[in-house]
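1. Sequence first, then the predicted structure:
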Amino acid sequence: MLPVQSVFTYAGDVQESETTRHASSWACSPTGLQSITGLWKSRCVSSHLLFRIRTTRTIRTSSHFDFELLHIRFRFILCRLPVKVGSCRASFPRFFYDVTNQTCSSFVYGGCESNGNNFNTLEECESTCSGVSGKIQQTPRSHCEAELQVGPCRAAFRRWYYNREAGSCQQFTYGGCKGNKNNYVSEEHCVATCSGEYCTLNESSKCSVPDHCLVGPDPGPCRAAFPMFYYNPDSASCQSFMYGGCQGNENRYGSVEECMSRCSEDGKRLQPVKPEEPPGFMFYEEDLWSMSE
């Protein structure tokens, strides 16, 4: 298991930790990577996918609060993701980590819809993922596609599931055993996992992403090759694709900043709520959402 019993800070908003006094928010340099500084050393993690820490404890006050870090993936999860070529038709030589045999292998990347297990060089892949073991990781949203299952037992627990046809989280009565993972103890947890809407617990779940941000990338029928960005609601991030130069759709932007401003701010996607004076955080393994899937 990943040793997560450590004090560290999210370097996107630098605070002092008990083990490392300062961290550079862009120490890792490449776009989409940010630094986490902790008990061992700074490390780069991909920001392509959602990783949510549900519960934290402050060291100074021992008070509890809900705290979300968006767009953070530990290598333990990133390196177990399946290889993903993507739907675009470019041909970029890349490397991915195959957790089944614990080696880095080459593949041809189509140019869009990367899931993070996608490296430019063999050395980058090995330095990021070497030693990671376990099963191939399913993304949390894959559970949202499952049909409602009450289970065979006869208890009556109030739960929520994601109804993919309605596009919303709905309440149901859970029997208490078996069933599947499209089963959440609160509406907020269901919304945060399945709807692409990341609202704080004290807000309503009515925040949404504009419709044009929900469609996939469309390179169009022309054959030019303009590097553009589209918003991926599954990962709540903007990713690159090659635009042919004509037609296509509105989910197409010239920069990551423009993409996020149109699809994140206009969609009223809320920023992580931070405590007033966080001196550092202790994250426990059992507090990590979907960590051991």
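-> Nice, I can see it. Numbers count the residues shown, from 1 in each chain.
2. contacts and neighbour counts: CA atoms only from here.
-> Fine.
3. what residues are up against A155?
-> The contact partners of A155, taken as Cα atoms under 8 Å, 6 or more residues apart in numbering, are Y174, G175, G176.
4. Let me know how buried the second one is, in neighbour terms.
-> By that I understand G175. Applying other Cα atoms under 10 Å, we find 18 other residues in the vicinity of G175.
5. and what of V185?
-> Counted with other Cα under 10 Å, the neighbours of V185 add up to 13.
6. And for C153?
-> With other Cα under 10 Å as criterion, C153 counts 12.
7. if I read this right, it contacts G179, doesn't it?
-> No. Assessed by Cα atoms under 8 Å, C153 is found out of contact with G179, at 9.5 Å.
8. Phi and psi next, for the residue lying closest to G254 once chain neighbours are set aside.
-> Ranked by Cα to Cα, 6 or more residues apart in numbering and with sequence neighbours excluded, the top spatial neighbour of G254 is M228, at 5.2 Å. Dihedral angles of M228 (phi, psi; degrees, to the nearest 10) stand at phi -130, psi 180.
9. residue contacts, M228?
-> Neighbours of M228 in contact, by Cα under 8 Å, 6+ apart: S240, F241, M242, Y243, R252, Y253, G254, S255.
10. if I look at the last one, how far off is G134?
-> For S255, the distance to G134 under the criterion Cα to Cα, to the nearest Å works out to 36 Å.
11. Same check on the third one?
-> Distance of M242 to G134, computed by Cα to Cα: 34 Å.
12. These two: which has the busier surroundings?
-> Higher neighbour count among M242 and G134: M242, with 24 against 16, using other Cα under 10 Å.
13. Please, which helix or strand holds that one?
-> Element membership for M242 (DSSP states H and E) is strand 237-243.
14. now that strand: mean pLDDT?
-> Strand 237-243 shows a mean pLDDT of 88.
15. which residues touch it?
-> With Cα under 8 Å, 6+ apart as the test, strand 237-243 has contacts from 47-49, 71, 88, 90, 111-114, 217-220, 224-232, 256, 259-260.
16. Strand partners (parallel or antiparallel) of it?
-> Here strand 237-243 is paired, per DSSP bridges, with strand 226-232 (antiparallel).
17. For the partner strand, which residues meet the burial criterion?
-> Neighbour-count burial for strand 226-232, counted by 16 or more other Cα atoms under 10 Å, picks out P227, M228, F229, Y230, Y231, N232.
18. Quick check, pLDDT for the residue nearest to Y97 when sequence neighbours are not counted.
-> Nearest residue to Y97, sequence neighbours excluded (Cα to Cα, 6+ apart): C104, at 4.4 Å. On pLDDT, C104 comes in at 95.
19. Now for C104, how many residues are close by?
-> Residues near C104, counting by other Cα under 10 Å: 21.
20. can you check E165 too?
-> Neighbour tally, E165, other Cα under 10 Å: 7.
21. Could you break the protein into its assigned domains?
-> Following automatic domain parsing, the chain resolves into domains at 6-77+276-287, 81-129, 140-194, 211-265.
22. mean pLDDT lowest for which of those domains?
-> Minimum mean pLDDT among the domains of the chain: domain 6-77+276-287, a mean of 32.
23. Look up how far F229 lies from C104.
-> From C104 over to F229 the distance is 27 Å, taken as Cα to Cα.
24. got it, and V191?
-> Distance of V191 to F229, given as Cα to Cα: 25 Å.
25. Count residues in the vicinity of S240, would you?
-> Neighbourhood size, S240 [other Cα under 10 Å]: 21.
26. Give the buried residues for stretch 241-256.
-> Result for stretch 241-256 [16+ other Cα under 10 Å]: buried residues F241, M242, Y243, G244, N251, R252, Y253, V256.
27. Those residues: which two are farthest apart?
-> Within the buried residues of stretch 241-256, G244 and V256 form the most distant pair, 18.4 Å apart (Cα to Cα).
28. the helices in the stretch 101-250 of the chain, which residues?
-> For the stretch 101-250 of the chain, applying DSSP state H, counting those that start in this stretch gives helices covering 122-129, 187-194.
29. following the strand holding M242, which helix or strand shows up next?
-> Beyond strand 237-243 toward the C-terminal end (DSSP H and E), the next one is helix 256-260.
30. Send me that following helix as PDB with only the CA atoms.
-> Presented in PDB, the C-alpha positions along helix 256-260 are these (Å, rounded to 0.1, in the frame of the first residue of the first chain):
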ATOM      1  CA  VAL A 256      -5.600  25.800 -21.300                       C
ATOM      2  CA  GLU A 257      -6.400  29.100 -19.500                       C
ATOM      3  CA  GLU A 258      -9.200  30.000 -21.900                       C
ATOM      4  CA  CYS A 259     -10.600  26.500 -21.700                       C
ATOM      5  CA  MET A 260     -10.700  26.400 -17.900                       C
END
